[in-house]
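Undergrad: Structure for the following, please:
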Amino acid sequence: MSEKKAKEKRKIESDLKVTNQELRRLMLSNGLQRFLDARDLSPRIKFKLLLTMKKLDEIFTTLEKVRQEIIDLYAEKDKEGERVVINNLVQFGENEKEANEKLDELMAEQIVVPKGRLTIDLNNDMPKDLLSARDMLELSLLVDFKGA
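TA: Numbers count the residues shown, from 1 in each chain. This next block holds a predicted model:
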């Protein structure tokens, strides 16, 4: 394989490709918070993680803004113009089908973060007990764990 093709392959493999739904699940996961709070990560990994998280946070903030705008657009409103919420669920009434279609469409969109995927060697880059198997599963969208 030529050097150019090898670089191209490495670039593609390091891009983070996720749907908005996967991004939302990742950003709200407990495993991600434990990972971000870890003090024992290698400086190289911590730096790459923080760069990626900065990009993801910007995308997530925009995603949540658009998601809330869709909810506001289709939600039933009370006399004061506020969303009708029952049992912590926004009520859409007659607009439910259209609201769900718009939200599903938004959450199914795929995003690509160049060089956003991390590779971590479990034997060298982080303490063995930092993350549970469940945490690692949640983070598998963002991290390629080597040595597992």
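
Undergrad: Ignoring the adjacent residues along the chain, who's closest to the residue most central in space within the chain?
TA: What sits nearest the mean C-alpha location of the chain, by C-alpha atoms, centre = their mean, is residue 23, with 2.2 Å. Counting by C-beta to C-beta, 6 or more residues apart in numbering, residue 23 lies nearest to residue 60, which is 6.1 Å off, once chain neighbours are set aside. In this view, the C-beta of every residue, glycine as well, is placed from N, C-alpha and C.

Undergrad: thinking the one you found is in contact with residue 21, fair?
TA: No: look at residue 60 against residue 21 with C-beta atoms under 8 Å: they stay out of range, at 11.8 Å.

Undergrad: still on that earlier bit, what is the host helix or strand of the residue nearest to residue 23 packed up against?
TA: If you go by DSSP states H and E, residue 60 is part of helix 43-74. When contacts are defined as 3 or more C-beta pairs under 8 Å, 6 or more residues apart in numbering; DSSP states H and E, helix 43-74 sits against helix 20-27, helix 30-37, helix 96-108, strand 110-113, strand 118-121.

Undergrad: Redo those as a markdown table? Include mean pLDDT and distance to residue 90.
TA: What follows is these, written out as a markdown table (pLDDT from 0 to 100; distance: least, C-beta to C-beta, whole Å):
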| stretch | mean pLDDT | distance to residue 90 |
| --- | --- | --- |
| helix 20-27 | 94 | 16 |
| helix 30-37 | 83 | 25 |
| helix 96-108 | 97 | 9 |
| strand 110-113 | 93 | 25 |
| strand 118-121 | 87 | 35 |
